[in-house]
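# The amino acid sequence is not available; the structure is as follows:
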């Protein structure tokens, strides 16, 4: 009986997740062009990836830069806004909804299109900057700035971690703050000594989630660069390169190998973050 | 508990009924009754407008055939097409170009049209030169949707403002030096760049190679040029960049052959290098003052231009309604009414009777195309031949590497060597 109730989930998981994953693991050891039957090539795809593909390393570099810039920025902004919205104030519910809204639009194509229009030559951002004397032109057309538009797109969607931070902030006992204030601690000291340590479990959660998220970013880069990863490969995120290999170059076996490399890298990084958590995450009630 | 169970049951029921509906939908291969065709192409809005009008006429005459149409820009078109074809949802009638025709044909995506030729598909009024462009490994997998040649499309007002003349009259021509001087003069006049930087597209490099007695690909599908050729070519184009003879990198990087990013249309350049099959779109978007000139050549005996079928129609191999698709194809190619509606939206009509008829009565954008081909008649050589498998990857690598060149991320020499190296890999695989 239990399995009957579980069956929708089991069916979904096997048919839509586990099945395709097993298939892609198999395909990653084949030469497969989507049209004819795959032929077994062993570890060839993986060997080419690591030794004979400059763009693979380039895409990995772009992705690393993207993750390293966007995740801390996003978490920082989310925490800052959560602190602001944590104060009792009139209409705070409205503000919370307003700041959360971009996350709902999140990975949508339409937002990415708006983003491209805003950051292109003669777009909103260009005009505003030109008005204050900064004539940088369109961000999306310049290799050194294009990735930053994607970072901005990611940071703008800080709503989800913000809500989680907000919940975490509500858990910080008021009496600890009062005690610290009586001992003469200012707002900065109270933040560093009380709020932050008690928030570390939430920070860990958000960090892991957002890192995984950032590695999987695709839509923004695809739309902003019209699927090319340009200008000059500056927005070639790993997932975008994977897509190009699979669906433009018809090398699905190679793309599958790339997907598995990404999975392993993300898994290892997540494990490392969890391992480091022992040093910096503080669970209230624990002995220190 | 009871409520949960009920909800689960109804969920299963919904799932089952949806599955049944999907299965029923797959079975529809009946010869009788209305058939629905899907016809897809890339191109500008003007092309879409006339193509839809021609399709409407076809549907009016064939009430039992319904045609769904889709169009988009070049890059999104192939992104979508490859995904659809891979997913088994290939369109019935589709548009391909030189780099993609061979790849799709060799992957068994396209129907061999030889079995229809001379019967439901009339090809006798299409020149052998154009028909050859639709052949892969000796089989007719596609038919030219039009005859096209290379052109420099320009705004004469901007040329005159800079005190520059272009060879827009029949029989006139210019050398690369004359061309470069003209572009630099327009750039120096300050309003716009001389022309949209054309170094990004391998198509125009092909013309330059021809002028130097070489070719992009040899007849047996090998690379026909070396890194030194490309270095020379990109260096020549590069000399025009600091003087605004060609557009700035920020403009160039956006080029995709479409109208909306073109330097001329966005008023950042006085001219564009392109195929004349896009001219009706230019005419509708930019205005009626446009003129055309041949591409420059230092070699009077070999202008490097050709009568090409860069846009062809093909029928999907997995189409369930191949007969109807061939019927639509034949209509688009050979019907006088369709020819009149389509005009020169894909170059001049492939069928020579219809071409004479269309060009005889042409106005507006169609006249621009007809006049250009008439004026360049003695410069247009026979078609260059199909491009080998791997050439669409080479086309993309070429543009990507040119981005690195214009943004000064790599030296021209290194870039040229990289293109050749990548190309040899793409051809080998």
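Okay, I see it. Everything numeric here is computed off the predicted structure, so don't read it as measured data.
# separation between residue B:418 and chain A?
9 Å (C-beta to the nearest C-beta, to the nearest Å). For every residue, glycine as well, the C-beta is placed using N, CA and C.
# tally of neighbours for that residue?
Applying other C-beta atoms under 10 Å in any protein chain shown, we find 18 residues neighbouring residue B:418.
# ranges for the strands of the chain?
This is for chain A. For chain A, strands defined by DSSP state E occupy the ranges A:30-31, A:39-40.
# if you could check chain B rather than the one you did, that'd help
Using DSSP E, strands in chain B cover B:35-42, B:65-72, B:93-96, B:135-136, B:139-140, B:142-144, B:150-154, B:271-275, B:291-293, B:312-315.
# picking up where we left off before, okay, the strands of chain A, which one's buried deepest?
strand A:30-31 (a mean of 18; mean count of other C-beta atoms under 10 Å in any protein chain shown).
# on contacts alone, who are the packing partners of that one?
strand A:39-40 (3 or more C-beta pairs under 8 Å, 6 or more residues apart in numbering or on different chains; DSSP states H and E).
# neighbouring contacts of the strand it packs on?
A:29, A:30, A:31, A:32 (C-beta atoms under 8 Å, 6 or more residues apart in numbering or on different chains).
# Tell me the strands beside it, with direction?
strand A:30-31 (antiparallel) (DSSP bridges).
# contacts for the strand it pairs with?
Under C-beta under 8 Å, 6+ apart, the answer for strand A:30-31 is A:38, A:39, A:40, A:41, A:44, A:45, A:251, A:253.
# and which of the contacts of strand A:39-40 is nearest residue B:222?
Nearest to residue B:222, judged by C-beta to C-beta, of the contacts of strand A:39-40 is residue A:31 at 22.1 Å.
# Next, count neighbours for residue A:93.
Counted with other C-beta under 10 Å, residue A:93 comes out at 10.
# re earlier: looking at the strands of chain A, which is closest to residue A:81?
Using C-beta to C-beta, the strands of chain A put strand A:30-31 closest to residue A:81, at 47.6 Å.
# That closest one - what's its average pLDDT?
For strand A:30-31, the mean per-residue pLDDT is 93.
# where's it relative to the chain centroid, distance-wise?
30 Å (C-alpha atoms, centre = their mean, to the nearest Å).
# hang on, the earlier thing: of the contacts of strand A:30-31, buried ones?
Among the contacts of strand A:30-31, the ones that count as buried by 16 or more other C-beta atoms under 10 Å in any protein chain shown are A:38, A:41, A:45, A:251, A:253.
# and the fourth one, how far is that from residue A:35?
Computed as C-beta to C-beta, to the nearest Å, the residue A:251 to residue A:35 distance reads 12 Å.
# where's residue B:289 relative to chain A, distance?
24 Å.
# residue contacts, that residue?
So residue B:289 contacts B:155, B:156, B:157 (C-beta under 8 Å, 6+ apart).
# and which of the residues you listed is nearest residue A:78?
Among the contacts of residue B:289, and counting by C-beta to C-beta, the member closest to residue A:78 is residue B:155, at 50.5 Å.
# Report the separation between the closest one and residue B:168.
Counting by C-beta to C-beta - residue B:155 and residue B:168 are separated by 11 Å.
# rewinding a little: tabulate the strands of chain A in CSV, adding columns for distance to residue B:385.
Below are the strands of chain A laid out as CSV (distance: least, C-beta to C-beta, whole Å):
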stretch, distance to residue B:385
strand A:30-31, 28
strand A:39-40, 30
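# Give me every residue in chain A lying close to chain B.
Contacts of chain A with chain B, taken as C-beta under 8 Å from any C-beta of the partner chain, map to A:4-5, A:8, A:33-36, A:121, A:137-138, A:141-143, A:226-228, A:230-233, A:247-250, A:252.
# In helices only, show me these.
A:4, A:5, A:8, A:143, A:252 (DSSP state H).
# which ones are touching residue B:244?
Applying C-beta under 8 Å, 6+ apart to residue B:244 gives the contacts B:184, B:186, B:187, B:188, B:193, B:194.
# what about residue 232, neighbour count?
Since no chain was named, I'll use chain A. Neighbour number of residue A:232 under other C-beta under 10 Å is 24.
# I was thinking of chain B, sorry if that wasn't clear
Other residues lying near residue B:232 total 13 when counted by other C-beta under 10 Å.
# now the one 4 residues further on
Per other C-beta under 10 Å, the neighbour tally for residue B:236 reads 13.
# Residue ranges of each domain in chain B, please.
B:12-146+B:310-366, B:150-306+B:386-426 (automatic domain parsing).
# can you redo those as TSV with mean pLDDT?
Listed next are those as TSV, based on pLDDT from 0 to 100:
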stretch	mean pLDDT
domain B:12-146+B:310-366	86
domain B:150-306+B:386-426	92
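# Format the ones you listed as JSON lines; extra columns: distance to residue A:208.
Converted to JSON lines, the domains of chain B look like this (distance: least, C-beta to C-beta, whole Å):
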{"stretch": "domain B:12-146+B:310-366", "distance to residue A:208": "32"}
{"stretch": "domain B:150-306+B:386-426", "distance to residue A:208": "34"}
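# how about the ones you listed, which one is nearest residue A:115?
domain B:150-306+B:386-426 (15.5 Å).
# end to end, how far does that closest one reach?
Chord length of domain B:150-306+B:386-426, first to last residue, is 26 Å (C-alpha to C-alpha, to the nearest Å).
# can you pull the contacts of residue A:124?
A:117, A:118.
# Look up how far residue A:221 lies from residue A:262.
With C-beta to C-beta as the criterion, residue A:262 and residue A:221 are 14 Å apart.
# okay, these two: which has more neighbours?
More crowded of residue A:262 and residue A:221, by other C-beta under 10 Å: residue A:221, with 28 against 17.
# Let me know whether that one touches residue A:237 as I believe.
Yes. With contact defined as C-beta atoms under 8 Å, residue A:221 reaches residue A:237; the gap is 4.5 Å.
# what's the overlap in contacts for these two?
A:150, A:229.
# returning to what we had before: now render the strands of chain B as a markdown table, adding distance to chain A and mean neighbour count.
Output for those, formatted as a markdown table (distance: least, C-beta to the nearest C-beta, whole Å; neighbours: other C-beta atoms under 10 Å in any protein chain shown):
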| stretch | distance to chain A | mean neighbour count |
| --- | --- | --- |
| strand B:35-42 | 13 | 21 |
| strand B:65-72 | 11 | 17 |
| strand B:93-96 | 15 | 26 |
| strand B:135-136 | 15 | 20 |
| strand B:139-140 | 17 | 18 |
| strand B:142-144 | 17 | 28 |
| strand B:150-154 | 22 | 25 |
| strand B:271-275 | 18 | 25 |
| strand B:291-293 | 27 | 23 |
| strand B:312-315 | 15 | 26 |
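# Including distance to residue B:427, could these go into TSV?
Listed next are the strands of chain B as TSV, based on distance: least, C-beta to C-beta, whole Å:
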stretch	distance to residue B:427
strand B:35-42	25
strand B:65-72	28
strand B:93-96	19
strand B:135-136	15
strand B:139-140	21
strand B:142-144	21
strand B:150-154	24
strand B:271-275	24
strand B:291-293	33
strand B:312-315	22
